[in-house]
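Undergrad: coordinates only, sequence not included:
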Ligand SMILES: Cc1cc2nc3c(=O)[nH]c(=O)nc-3n(C[C@H](O)[C@H](O)[C@H](O)COP(=O)(O)OP(=O)(O)OC[C@H]3O[C@@H](n4cnc5c(N)ncnc54)[C@H](O)[C@@H]3O)c2cc1C
């Protein structure tokens, strides 16, 4: 019989585990972001980069090491704290949040599957904000289809020789270390088999950053194309077991995806705050526009949807926190799907209420542009729908579909 709370096992699976400490931490990140991040947004968006001064502030505050164990240079902190920090930073500047919190995408596969030496050598300096990491899986002809990658890693005397291209890589042009996926054996009956993960250092001969990719949103985040032309990496840079990379990538996304939902909640919060304050200030036909019911309707819809997006995100993070991974994986995809779509609608309503100012460059339109990227990366929203159904069926109902 199908459970009453399908696809979850019990009503307790809907618990949100926030405490007073979380609230204190959230407030401290908000203060940090207002004081140290907001002054750099305009310049950074124009220059297409996060100014060094702003990155230095993140390093001093310990943001690069959030969620990373202290023994590897991090600050520790639970899943909810990382989500709250991501939300607060994204509320002020999503590109900044991505730059700082993408440490997690780089560090997770090494922390979960790497050797002690790899954790010390590569994660520690990134967690301290001394070096930058990137995670390179997507290729010109394979994004959603992770098993379709064609970058090759052939065995050599010292280790492996990598040949291929990676595209749309966050921090691609500014990183020192890259987690890179490559095929160590050709696809067999099980397509996912034969992919391995490696850490590639920036100065590896045969590796280069080809070009910066300009995107409609997250303009201050560095997105780049990379090329590997017989780039040799030492054997000790193989992460975990040869051929298990596909599983490592999936498990990495399972834990980082809730971060994208948190980014979207932060952007939605910013869009709503700006909508409300503008509709109080702006006069039309002799009254503030907030007095008109069609503006009030938009505010009500935003409040309802933002509350839902926030609850879903905290809920997914709570499940992960409790190590209820079967439920957390489904919940994280639900949260990413809905939070990003809700953020898009809230940003759009905010633009509409801002009239001509809403569609002028440098205003609330940035929020909409940033959210479009969130709908695309770490699995497009259509891919999230597939994950929700397949993972719920497999993990919670024991069905293979
Ligand atoms: C700014 C930015 C930063 C990024 N950062 C990184 C990064 O740091 N590292 C990294 O590895 N990648 C990164 N990406 C890549 C991103 O993860 C991919 O773009 C995304 O996963 C989609 O892959 P794709 O572009 O190849 O599109 P495709 O996979 O070709 O998809 C094209 C369309 O087909 C749909 N589709 C595909 N398969 C199916 C299916 N089975 N069923 C239904 N619909 C389907 C998709 O939903 C999409 O709408 C980034 C992308 C952007 C834009």
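TA: Here it is on my side, so go on. This structure is a prediction, so every number in the text was calculated from the model and none was measured.
Undergrad: for the stretch 1-150 of the chain, which residue gets nearest to the ligand?
TA: Going by CB to the nearest ligand atom, the ligand is nearest to residue 143 of the stretch 1-150 of the chain, at 1.9 Å. No exception for glycine: its C-beta is placed from N, CA and C like everyone else's.
Undergrad: regarding the closest residue in space to residue 237 that isn't next to it in sequence, what is its secondary structure?
TA: Counting by CB to CB, 6 or more residues apart in numbering, residue 237 lies nearest to residue 199, which is 4.6 Å off, once chain neighbours are set aside. Here residue 199 is strand, with the state taken from DSSP: H, G, I helix; E, B strand; the rest coil.
Undergrad: quick one on the thing from earlier: dihedrals phi and psi, the residue of the stretch 1-150 of the chain closest to the ligand?
TA: For residue 143, the backbone dihedrals (degrees, to the nearest 10) come out as phi -120, psi -80.
Undergrad: return the residues of the stretch 301-401 of the chain in contact with the ligand.
TA: Taking CB under 6 Å from any ligand atom as the criterion, the stretch 301-401 of the chain approaches the ligand at residues 373, 376-380, 382-383, 386.
Undergrad: okay, and which of those map to helices?
TA: Assigned to helices by DSSP state H, the following of those qualify: 373, 376, 382-383, 386.
Undergrad: please check these and keep the buried ones.
TA: 373, 376, 383 (16 or more other CB atoms under 10 Å).
Undergrad: need those in JSON lines with pLDDT, can you?
TA: Shown next, in JSON lines, are these (pLDDT from 0 to 100):
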{"residue": "373", "pLDDT": "98"}
{"residue": "376", "pLDDT": "97"}
{"residue": "383", "pLDDT": "97"}
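Undergrad: all strands of the stretch 201-350 of the chain, in order?
TA: Under the criterion DSSP state E, counting those that start in this stretch, the stretch 201-350 of the chain contains strands at 207-212, 223-234, 238-239, 283-284, 287-288.
Undergrad: those strands: which one's closest to residue 100?
TA: With CB to CB as the criterion, residue 100 lies closest to strand 223-234 of the strands of the stretch 201-350 of the chain, at 15.7 Å.
Undergrad: relative to strand 207-212, how tilted is that closest one?
TA: For strand 223-234 against strand 207-212, the angle by axes from the mean of the first three to the mean of the last three CA atoms, to 10 degrees is 180 degrees.
Undergrad: do strand 223-234 and the ligand meet?
TA: Yes: using CB under 6 Å from any ligand atom, strand 223-234 comes into contact with the ligand via residue 223.
Undergrad: direction included, what does that strand pair against?
TA: strand 159-170 (antiparallel), strand 207-212 (antiparallel) (DSSP bridges).
Undergrad: deepest-packed of the ones you listed, please.
TA: Highest mean neighbour count among those (mean count of other CB atoms under 10 Å): strand 159-170, with a mean of 21.
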